[in-house]
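Chemist: Here is my input; please provide its structure:
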Amino acid sequence: MSLRILGALLRKEIIMMRHNPIIPKMIVGLPIMALLIIPLVATFDVKNVEVVVVDNDYSQISRRIIADIDASKELSVLEVVDTYAEAMDLIDKDKADVILSIPPNFSRDISQLDVEANGVNATKGVLGMQYVVSSAAATIQRFNNEDGLNMAQATPSVLYRFNPTLNFRHYMIPALMVFLIIMICGFLPALNLVSEKETGTIEAMNVTPVSRTVFVLSKLIPFWVTGILVVTVGILIGFLVYGVAPLGNLAGIYLATVLLSLVMSGLGVTIANKSATMLQTIFVMFAFIIIFQLMGGLFTPIGSMPDWAQYITYAVPPRFFNEIMRSIYLKGATIFELRSQFIWLGAYAALSLLLAGFTYKKRS
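Modeler: Below you'll find the model as predicted:
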């Protein structure tokens, strides 16, 4: 009997979702647009660093340094000026990112180069300064070797594990699926339920013998299935468009997806149960979404946060999904190796579903 009732309620939910003017468009359009556009524009890769050079030496080596910097794919020489004041003026106007000052008589004493970075964009300034220093050092080494001034020095071998090209898309695409599951499996069930409150259709359900467990499941199951479909679309787009494929087993990805879908859908229904209007639901859900995005490691690495903030992130379920997805995608980690993250997610899923069930009150 309960299964027949659940099946009937699921058919009702599917029909309502199909006739809703917003939900089908979000389910189809949001994952495709997010995964096609955001990896192209949201990147921490540092390119096109504008360098202004104060050349007080006018020697062959200073010209070589300037030419090599301008030939770099990450750097470009914006302008070569005569005075430091001119260079600072370009920094003040945010036209330049790094100042390279070549002192007088540099060709006779190559021990000193002054490099300053525009710290407004700290990431671009710091990495841009490192690029300039590295380029200048390589040029000086080649110049000395050509003149026989120094013996060739051993060059260290540098290898970036798990992401050899340091392509930010490999880091971003797995985490974008967190955002999609939060929106589709958390936001949409909440709006769907509270809209029935506002229209009054939920009152007809409250006077039926349908148990609250069956009712809550009928609200959540369609979005659990949708969450799996969204992640599948994300995996396909990541591979076909960006060439990013998980190194690990897909079973771990789908298990993590199911658990986070349970967490977010249960949270969304809990918030809707406690809200009287759609506006209240939207405000509360947005508060959780902002916290989950900022504290879940989506944009800011958790290891870069203060110690007290890192402890708080254990109360943020998407943190564990982010760790699982990036570990499976980039490291090929197994479910057993990520068992602690799965246990945390499972605990939050159970808690979220219990809250969703207990906060739904049938009224006669």
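
Chemist: For the stretch 151-300 of the chain, give me the ranges with low pLDDT.
Modeler: Scanning the stretch 151-300 of the chain for pLDDT under 70 picks out 151-169, 204-207.

Chemist: now the helices: where do they sit in it?
Modeler: 168-181, 188-199, 201-206, 212-242, 250-273, 278-295 (DSSP state H, counting those that start in this stretch).

Chemist: ok, now how distant is Ile22 from Phe321?
Modeler: According to Cβ to Cβ, to the nearest Å, Ile22 and Phe321 sit 25 Å apart. Quick note: C-beta positions are derived from backbone N, CA and C, even for glycine.

Chemist: So which of these two has more stuff around it?
Modeler: Phe321 (33 against 12; other Cβ atoms under 10 Å).

Chemist: Tell me which of the helices of the stretch 151-300 of the chain approaches Ser352 most closely.
Modeler: Between Ser352 and the helices of the stretch 151-300 of the chain, the tightest spacing by Cβ to Cβ is seen for helix 250-273, at 3.0 Å.

Chemist: Which secondary structure elements does that closest one sit against?
Modeler: helix 168-181, helix 188-199, helix 212-242, helix 278-295, helix 318-326, helix 339-359 (3 or more Cβ pairs under 8 Å, 6 or more residues apart in numbering; DSSP states H and E).

Chemist: what comes up buried for that helix?
Modeler: For helix 250-273, the neighbour count (16 or more other Cβ atoms under 10 Å) marks 252-253, 255-273 as buried.

Chemist: Likewise for stretch 66-75?
Modeler: Using 16+ other Cβ under 10 Å as the test for burial, stretch 66-75 gives Ile66, Asp68, Ile69, Ser72, Glu74, Leu75.

Chemist: which non-adjacent residue is nearest the fourth one?
Modeler: What it means is Ser72. In space, and not counting its chain neighbours, Ser72 is closest to Ser135: 5.6 Å by Cβ to Cβ, 6 or more residues apart in numbering.

Chemist: Now do the contacts for that neighbour.
Modeler: By Cβ atoms under 8 Å, 6 or more residues apart in numbering, the contact set of Ser135 is Ile65, Asp68, Ile69, Ser72, Leu75.

Chemist: Kindly state the pLDDT recorded for it?
Modeler: Per-residue pLDDT puts Ser135 at 87.

Chemist: Now do the contacts for Thr277.
Modeler: Val194, Lys197, Glu198.

Chemist: Including neighbour count and distance to Val316, could these go into JSON lines?
Modeler: Output for the contacts of Thr277, formatted as JSON lines (neighbours: other Cβ atoms under 10 Å; distance: Cβ to Cβ, whole Å):
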{"residue": "Val194", "neighbour count": "26", "distance to Val316": "24"}
{"residue": "Lys197", "neighbour count": "17", "distance to Val316": "28"}
{"residue": "Glu198", "neighbour count": "13", "distance to Val316": "30"}
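
Chemist: from these, which is closest to Ala350?
Modeler: Once Cβ to Cβ is applied, the member of those that ends up nearest Ala350 is Val194, at 23.8 Å.

Chemist: so that closest one touches Lys274, yeah?
Modeler: No - with contact defined as Cβ atoms under 8 Å, Val194 does not count as touching Lys274 (9.8 Å).

Chemist: Can you report how many residues neighbour Leu90?
Modeler: Neighbourhood size, Leu90 [other Cβ under 10 Å]: 18.

Chemist: wait, I meant Leu6
Modeler: 18.

Chemist: roughly how far apart are it and Ser211?
Modeler: For Leu6, the distance to Ser211 - Cβ to Cβ - is 10 Å.

Chemist: Could you list the low-pLDDT ranges of the stretch 1-150 of the chain?
Modeler: Within the stretch 1-150 of the chain, the stretches with pLDDT under 70 are 1, 41-46, 111, 120-123, 147-150.

Chemist: All the helices of it, residue numbers only.
Modeler: 2-19, 23-41, 60-71, 84-92, 122-147.

Chemist: Could you dump those into JSON lines with distance to Gly346 added?
Modeler: As requested, the helices of the stretch 1-150 of the chain are exported to JSON lines (distance: least, Cβ to Cβ, whole Å):
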{"stretch": "helix 2-19", "distance to Gly346": "23"}
{"stretch": "helix 23-41", "distance to Gly346": "25"}
{"stretch": "helix 60-71", "distance to Gly346": "52"}
{"stretch": "helix 84-92", "distance to Gly346": "52"}
{"stretch": "helix 122-147", "distance to Gly346": "36"}
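
Chemist: Test my guess that Leu9 contacts Ile221.
Modeler: No - in this structure, Leu9 is not within contact of Ile221 by Cβ under 8 Å, at 9.2 Å.

Chemist: what do those two both touch?
Modeler: Residues touching both Leu9 and Ile221 (Cβ under 8 Å, 6+ apart): none.
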